[in-house]
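In: The following comprises the amino acid sequence and a computationally predicted model.
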Amino acid sequence: MADEDRDALDALEKEASEFVKDAEIDRIRKAFQLDAYAVLDLQPGVPESDIKLQYRKKSLLIHPDKTSNPAAPDAFDRLKKAQMTLLDEKARTHLDECIADARRLLIREHKYTLDSPELKTEEFKQEWRRKTVEVLIEEEARRRRQMKARMQEEGREKRKEEEEMEARKRKREEEKAWEETRETRIESWRDWQKGIKKSKEEGEKKKKKKMKVLG
């Protein structure tokens with residue numbers, strides 16, 4: 001093969017490779033983010049080994065260091081997040097339950113049975129995917145409402161705690177001020193007592209003097 005032909009073939013392969021990378025990046029970014037299976041292009045129920053293998057293949061394909069596509073970092077982050085979700089037992093269980101709920105809802109809506117042939121059609125699978133998106137959106141909305149309510153409750157608890165701390169602080173300051181003025185209060189009381197005693201003594205003297213004059 002001539003050098004010119006080889007160069008042309010290499011150029012075509014490179015172009016084809018970039019096209020595949022761009023297409024995968026576009027697919028990932030268009031996939032519904034709450035559905036980690038959709039992001040990784042996997043079917044629910046696959047073993048963990050398949051999840052790891054799929055992530056490795058796709059991450060090598062779209063890694064920002066391997067392509068000049070400006071959207072590669074975003075797609076790579078979504079891919080990584082999807083893998084982490086599916087490798088987290090609690091998160092994957094929740095996702096699987098949502099997908100199963102979507103299927104049950106469709107069966108109930110259409111009044112199918114578990115043996116209905118419609119469940120195996122491509123049309124049902126497409127409808128199932130759409131229903132899964134609805135269920136996941138509803139679950140995410142519910143989660144956010146719960147988080148908001150929890151944050152509001154925590155805010156109320158925090159304000160209550162701050163008010164109690166402020167009340168304790170005021171009490172300590174009042175007790176300190178009371179203690180610091182203790183000597184002053186004692187002196188004032190002594191002066192008051194002296195004043196009363198002096199007034200009584202003066203009253204007694206006047207009384208005796210008056211009685212002496214009368215006698």
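Out: Cool, got the structure. Just so we're clear, the structure is a prediction, and the values are computed from it rather than from any experiment. Numbering: from 1, shown residues only.
In: got a list of what residue 95 touches?
Out: Neighbouring residues of residue 95 by C-beta atoms under 8 Å, 6 or more residues apart in numbering: 35-37, 44, 85-86, 136. For the C-beta atoms, the positions are set from N, CA and C on the backbone; glycine is no exception.
In: residues making contact with stretch 113-126?
Out: By C-beta under 8 Å, 6+ apart, the residues outside stretch 113-126 that reach it are 106-107, 110, 112.
In: quick one: which of the residues you listed is nearest to residue 77?
Out: Closest to residue 77 out of the contacts of stretch 113-126 is residue 106 (31.9 Å), distances taken as C-beta to C-beta.
In: which secondary structure element contains that closest one?
Out: helix 89-110 (DSSP states H and E).
In: Now do that helix: distance to the chain's middle.
Out: 23 Å (C-alpha atoms, centre = their mean, to the nearest Å).
In: Check which residues of that helix are buried.
Out: Using 16 or more other C-beta atoms under 10 Å as the test for burial, helix 89-110 gives 92, 95, 98-99, 101-103, 106-107.
In: Next: stretch 186-195.
Out: Buried residues in stretch 186-195 (16+ other C-beta under 10 Å): none.
In: Of the buried residues of helix 89-110, just say which sits nearest to residue 25.
Out: residue 95 (23.0 Å).
In: got a pLDDT number for the closest one?
Out: Note for residue 95: predicted pLDDT of 96.
In: In this protein, where's the longest helix?
Out: Ranked by number of residues, the top helix in the chain under DSSP state H is helix 122-180.
In: got the contact list for the residue minimising distance to the centre of the chain?
Out: Residue closest to the mean C-alpha point of the chain, counted by C-alpha atoms, centre = their mean, is residue 147 at 6.7 Å. Residues near residue 147 by C-beta under 8 Å, 6+ apart: none.
In: how near is it to residue 118?
Out: Distance of residue 147 to residue 118, computed by C-beta to C-beta, to the nearest Å: 38 Å.
In: now residue 136
Out: 23 Å.
In: More neighbours: which of these two?
Out: residue 136 (21 against 13; other C-beta atoms under 10 Å).
In: nearest spatial neighbour of the more buried one, skipping sequence neighbours?
Out: Leaving out its chain neighbours, the residue that sits closest to residue 136 by C-beta to C-beta, 6 or more residues apart in numbering is residue 34, at 4.2 Å.
In: Number of residues surrounding that neighbour?
Out: Per other C-beta under 10 Å, the neighbour tally for residue 34 reads 18.
In: hmm, back to that, hey, C-alpha coordinates of the helix holding residue 106 in PDB?
Out: This file holds the C-alpha atoms of helix 89-110, laid out as PDB (Å, rounded to 0.1, in the frame of the first residue of the first chain):
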ATOM      1  CA  GLU A  89     -26.600  -0.900  46.600                       C
ATOM      2  CA  LYS A  90     -29.100   1.500  48.100                       C
ATOM      3  CA  ALA A  91     -29.200   3.800  45.100                       C
ATOM      4  CA  ARG A  92     -29.500   1.000  42.600                       C
ATOM      5  CA  THR A  93     -32.300  -0.700  44.700                       C
ATOM      6  CA  HIS A  94     -34.200   2.500  44.700                       C
ATOM      7  CA  LEU A  95     -33.800   2.900  40.900                       C
ATOM      8  CA  ASP A  96     -34.800  -0.700  40.300                       C
ATOM      9  CA  GLU A  97     -38.000  -0.200  42.400                       C
ATOM     10  CA  CYS A  98     -38.900   2.900  40.400                       C
ATOM     11  CA  ILE A  99     -38.500   1.000  37.100                       C
ATOM     12  CA  ALA A 100     -40.600  -1.900  38.500                       C
ATOM     13  CA  ASP A 101     -43.200   0.600  39.700                       C
ATOM     14  CA  ALA A 102     -43.400   2.100  36.200                       C
ATOM     15  CA  ARG A 103     -44.100  -1.400  34.700                       C
ATOM     16  CA  ARG A 104     -46.800  -2.200  37.300                       C
ATOM     17  CA  LEU A 105     -48.500   1.100  36.700                       C
ATOM     18  CA  LEU A 106     -48.600   0.500  32.900                       C
ATOM     19  CA  ILE A 107     -50.000  -3.100  33.400                       C
ATOM     20  CA  ARG A 108     -52.700  -1.700  35.700                       C
ATOM     21  CA  GLU A 109     -53.500   1.200  33.300                       C
ATOM     22  CA  HIS A 110     -53.900  -1.200  30.300                       C
END
